[in-house]
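Engineer: could you look at this predicted model? Sequence included:
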Amino acid sequence: MTANLNIESQSIERYLRQDRLPHIWCSGCGIGIALGAFLRAIDRATIDPDKVAVVSGIGCAGRVAGYVKLDSFHTTHGRAIPFATGLVLGNSELNVVVFSGDGDLVAIGGNHLIHAARRNIDLTVICVNNFNYGMTGGQVGPTAPLEARTTTTPYGNFEPPFNLPYLASASGASYVARWTVLHARELERAIAEAMIKPGFSFIDVISPCPPVYGRMNKEPKGLDSMHYYQEKSIIRNGADPKEADIELNGPILVGKFVDIERPTLWDHLRQVSSKAQEKVKAQAKV
């Protein structure tokens, strides 16, 4: 799973299932931007698309798997990472990307997320984070900022949200970054880096949800959120993920936070297998 980063990206049309378009995403939604960044990243990293597999769960971002002309799996709610883990263990030559939302990956799928990072499984996880369950009515999600209004917190969220870069980093991820969909080129570059990085890579993608979360928090149009990202984003590569909390209408820390070398699950498996074989050979000589 190695490649050289290629600055020039080619057209992404050949990666899309044209017969499935137009898509279902709402006007002003940022998922299309995130998807475009991912597809351009395949070319940027010069990765063979025949060796790319996309896995997604349930939710708005989960529909990505049905729109790409790549090997893809639209799985059950919260279980995208276990499905992806099976693909990696079954075929280590595959470049497996999990593309889903904050509710799917961090709420019902949160346990899988932290253990995949702990094991440093060779996966790239792209989390489109819009702070709510946009597809099912705009309920409060695990990343919704304190005091944010949703359909289930009409007077403001009172549950502290997850800081996703910090969660992934603390769990053991080798690569952690965050960008908004306003930072389309930076996001593309980050995904390309993540896809050729051995181990578990996690990218938090802050994205608008105009019809529900945006409407209830004074950002009824996608452009309103884009203005917010432009005014409030602070780019600080190498920042401590612990500082990446997001407050309602507050600053958004973005950048590449973690890029370390760490043995992957495959490295540990090979080491254990090698020791077992040596033990068997030693016993056979006795």
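Structural biologist: Now that the structure is in, tell me what you want to look at.
Engineer: helix, strand or coil for Ser100?
Structural biologist: strand (DSSP: H, G, I helix; E, B strand; the rest coil).
Engineer: for the closest residue to Val64 other than its chain neighbours, list each beta-bridge partner.
Structural biologist: In this structure, Val64 finds its nearest non-sequential neighbour in Phe99, 4.7 Å apart by Cβ to Cβ, 6 or more residues apart in numbering. C-beta: built from backbone N, CA, C; applies to glycine. Counting by DSSP bridges, Phe99 is bridged to Ile126.
Engineer: so where do the strands sit in the chain?
Structural biologist: Residue ranges of the strands in the chain, as given by DSSP state E, are 52-56, 71-74, 95-101, 124-129, 132-133, 139-140, 175-180, 201-206, 233-235, 252-259.
Engineer: now those strands in CSV, with mean neighbour count, mean pLDDT and distance to Val212?
Structural biologist: As requested, the strands of the chain are exported to CSV (neighbours: other Cβ atoms under 10 Å; pLDDT from 0 to 100; distance: least, Cβ to Cβ, whole Å):
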stretch, mean neighbour count, mean pLDDT, distance to Val212
strand 52-56, 25, 97, 20
strand 71-74, 17, 94, 22
strand 95-101, 29, 97, 13
strand 124-129, 29, 98, 14
strand 132-133, 29, 96, 6
strand 139-140, 20, 97, 9
strand 175-180, 27, 98, 18
strand 201-206, 29, 98, 16
strand 233-235, 15, 98, 22
strand 252-259, 22, 98, 20
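Engineer: dump those to CSV, plus distance to Ala168.
Structural biologist: Formatted as CSV, these follow (distance: least, Cβ to Cβ, whole Å):
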stretch, distance to Ala168
strand 52-56, 17
strand 71-74, 22
strand 95-101, 12
strand 124-129, 8
strand 132-133, 20
strand 139-140, 21
strand 175-180, 5
strand 201-206, 4
strand 233-235, 19
strand 252-259, 8
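Engineer: ok, which of those comes nearest Tyr213?
Structural biologist: Tyr213 lies closest to strand 132-133 among those, at 4.3 Å (Cβ to Cβ).
Engineer: what pLDDT does Leu265 get?
Structural biologist: At Leu265, the pLDDT value in this model is 88.
Engineer: who are the contact partners of the closest residue to it other than its chain neighbours?
Structural biologist: Of all residues not flanking Leu265 in the chain, Arg119 sits nearest, at 4.5 Å (Cβ to Cβ, 6+ apart). Counting by Cβ atoms under 8 Å, 6 or more residues apart in numbering, Arg119 makes contact with 172, 200, 265.
Engineer: show me how far stretch 54-73 is from its chain's centre.
Structural biologist: 12 Å (Cα atoms, centre = their mean, to the nearest Å).
Engineer: what residues sit buried inside it?
Structural biologist: Using 16 or more other Cβ atoms under 10 Å as the test for burial, stretch 54-73 gives 54-65, 67-68, 70-73.
Engineer: burial of Val88, as a residue count?
Structural biologist: 21 (other Cβ atoms under 10 Å).
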